[in-house]
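K.L.:
Could you look at this predicted model? Sequence included:
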Amino acid sequence: MVSAKIYYDSDADLNLLKDKTIVFLGFGNQGAAQAQNLRDAGIPNEKILVANRPDHYAEDAKSKGFTIENDFAKAAAVADIVFLLIPDQVQPRVFNGDFAPNLKADATIVVASGYNVFYKLLNFKPTQDVVMVAPRMIGSSVRSLYEKGKGFPCFVSVEQDGSSKALPTALALSRAIGATKAGAIASSAREETAMDLFAEQALWPNIIKLFTEAFSILQEAGCSDEALCYEMWMSKEPAEIFERAAEEGFITQLKHHSSVSQYGQLSGALKLDGTAIRAHFKDILYNQVLNGKFCEEFSKIEADLEKEGDENPLNQLYTKSGETELGQAEKRVRERLSQLL
Ligand code: NDP
């Protein structure tokens, strides 16, 4: 059993950020939210710089009053702290290419995801601090919760302590973006990556498979497309169950269901033998996620994700997934529904 340390506002000193030039590389989901929160926390606007290519993201930052730098090398040269908030798959190319060679030797690099740090895909100087401040929320919630005076769940860690003061800096930055208000959980790039990729590569693929198989079996038994789609997800019942699970408890939320349902779910789950799934999960965690096999595989197709149509591997996967009975039935149901509107 491992219990994580939790850091609150009282553990963090915003004064450590005084006079620091803070660069946001990226003004998307997280960049826009975190930059605005940080400014509202009292970091002067003139100490914040948004590094972005000249497009609608840059326009958005400009409209919100931020100073923009389109030249990444110039932005890197002035940064004391850089928030790396561009998509994970482009970070190695962009950061290692234009940014890293121009960064100060004592700069702090902040990542919002452990992936590139854990797999050692970014080039840092040993004298630099590398910290992770990883909100567990989408950017719009990071912003709206901050505006309401509320915190949000977040992981914080020190991945490289070049200055021997990386933790206080990480906590000050966490506080500035609003992450220590509700408590920032001490974590690591390894833990964050393991959990994130495990959920994406083990848990959710199994859930997708369970739904598609369940759909086919019930379809075979004579259930209609419409009834099945609504029963299984279009009614939003699963979303409500997960919402109640978050609020009341993973199992406790069952109390909102009928006795037949509660009995069926609890006795059914307890009867299942988890041996095979446990072995399968372990295999994915150790032989696909933690050993870097998936990262290697993904790096081979990453460049193709920019391609159009069938040449894009993600499009190929969407096409294949749409060919399942569930995919085909949902298409028919949604087409019928759109005709009714
Ligand atoms: P976004 O997809 O929203 O990032 C968009 C930003 O990245 C824009 O500023 C865009 O500008 C820039 N960008 C995209 N491609 C390039 C490129 N090739 N070169 C330079 N800039 C580029 O990213 P997120 O905010 O979703 O993710 C940022 C980080 O936050 C990631 O590490 C992610 O894992 C993490 N994170 C994300 C969460 C989320 O809710 N999305 C939750 C928690 C963590 P332009 O296209 O103009 O160059």
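P.N.:
Yes, it's here.
K.L.:
Give me the spatial nearest neighbour of residue 302, chain neighbours excluded.
P.N.:
Closest residue to residue 302 apart from its sequence neighbours, by CB to CB, 6 or more residues apart in numbering: residue 89 at 5.2 Å. Every residue, glycine included, has its C-beta placed from N, CA and C.
K.L.:
need the contact list for that neighbour.
P.N.:
298, 302, 305 (CB atoms under 8 Å, 6 or more residues apart in numbering).
K.L.:
Could you confirm it falls within a helix?
P.N.:
Yes: looking at residue 89 with DSSP: H, G, I helix; E, B strand; the rest coil, it is inside a helix.
K.L.:
partner strands of the strand or helix carrying residue 24, parallel or antiparallel?
P.N.:
Take DSSP states H and E as the rule and residue 24 turns out to sit in strand 22-25. Partners of strand 22-25 in the sheet, by DSSP bridges, are strand 48-51 (parallel), strand 81-84 (parallel).
K.L.:
mind listing the strands for the protein?
P.N.:
6-7, 22-25, 48-51, 67-69, 81-84, 108-111, 129-135, 154-161, 184-186 (DSSP state E).
K.L.:
Quick one: mean pLDDT for the second one?
P.N.:
Yep, that's strand 22-25 we're talking about. Here strand 22-25 scores 98 as its mean pLDDT.
K.L.:
just stretch 155-173 next, same as before
P.N.:
Mean predicted confidence for stretch 155-173 is 98.
K.L.:
quick one, what contacts the residue of the stretch 201-341 of the chain found nearest the ligand?
P.N.:
The nearest approach of the stretch 201-341 of the chain to the ligand comes at residue 306, 9.0 Å away (CB to the nearest ligand atom). Residue 306 sits next to residue 312 when contact means CB under 8 Å, 6+ apart.
K.L.:
For residue 113, see how far away it is.
P.N.:
Distance check for residue 306 against residue 113: by CB to CB, to the nearest Å, it reads 20 Å.
K.L.:
Over to residue 230?
P.N.:
35 Å.
K.L.:
Who has more neighbours out of those two?
P.N.:
residue 113 (21 against 14; other CB atoms under 10 Å).
K.L.:
how much space between that one and the ligand?
P.N.:
3 Å (CB to the nearest ligand atom, to the nearest Å).
K.L.:
looking at it, that residue is touching residue 195, isn't it?
P.N.:
No: in this structure, residue 113 is not within contact of residue 195 by CB atoms under 8 Å, at 11.3 Å.
K.L.:
Now render the strands paired with strand 22-25 as JSON lines, adding mean neighbour count.
P.N.:
Listed next are these as JSON lines, based on neighbours: other CB atoms under 10 Å:
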{"stretch": "strand 48-51", "mean neighbour count": "26"}
{"stretch": "strand 81-84", "mean neighbour count": "26"}
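K.L.:
For residue 287, find the nearest of the ones you listed.
P.N.:
Distance to residue 287, taken as CB to CB, is lowest for strand 81-84 among these, at 28.7 Å.
K.L.:
Would the closest one count as contacting the ligand?
P.N.:
No: counting by CB under 6 Å from any ligand atom, the ligand has no neighbours in strand 81-84; the shortest distance is 6.8 Å.
K.L.:
centre of the chain versus that strand, how much separation?
P.N.:
17 Å (CA atoms, centre = their mean, to the nearest Å).
K.L.:
Next: stretch 22-42.
P.N.:
Put simply, stretch 22-42 sits 16 Å off its chain's centre (CA atoms, centre = their mean).
K.L.:
now do stretch 312-330
P.N.:
Using CA atoms, centre = their mean, the offset of stretch 312-330 from its chain centre is 24 Å.
K.L.:
just stretch 8-20 next, same as before
P.N.:
So, by CA atoms, centre = their mean, the centroid of stretch 8-20 is 25 Å from its chain's centroid.
K.L.:
Equivalent analysis for stretch 246-258, please.
P.N.:
On CA atoms, centre = their mean, the centre of stretch 246-258 falls 26 Å from the chain's centre.
K.L.:
could the strands paired with strand 22-25 go into JSON lines alongside distance to residue 289 and mean pLDDT?
P.N.:
JSON lines is the format used below for these (distance: least, CB to CB, whole Å; pLDDT from 0 to 100):
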{"stretch": "strand 48-51", "distance to residue 289": "31", "mean pLDDT": "98"}
{"stretch": "strand 81-84", "distance to residue 289": "21", "mean pLDDT": "98"}
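K.L.:
show me what contacts the closest residue to residue 288 other than its chain neighbours?
P.N.:
Spatially, and ignoring its direct neighbours in sequence, residue 288 is nearest to residue 294 (5.0 Å; CB to CB, 6+ apart). Shown in contact with residue 294 (CB under 8 Å, 6+ apart): 197, 201, 288.
K.L.:
and if you look at residue 83?
P.N.:
By CB under 8 Å, 6+ apart, the neighbours of residue 83 are 22, 23, 24, 25, 26, 31, 34, 35, 110, 112.
K.L.:
beta partners of it?
P.N.:
Here residue 83, judged by DSSP bridges, has bridge partners residue 24, residue 110.
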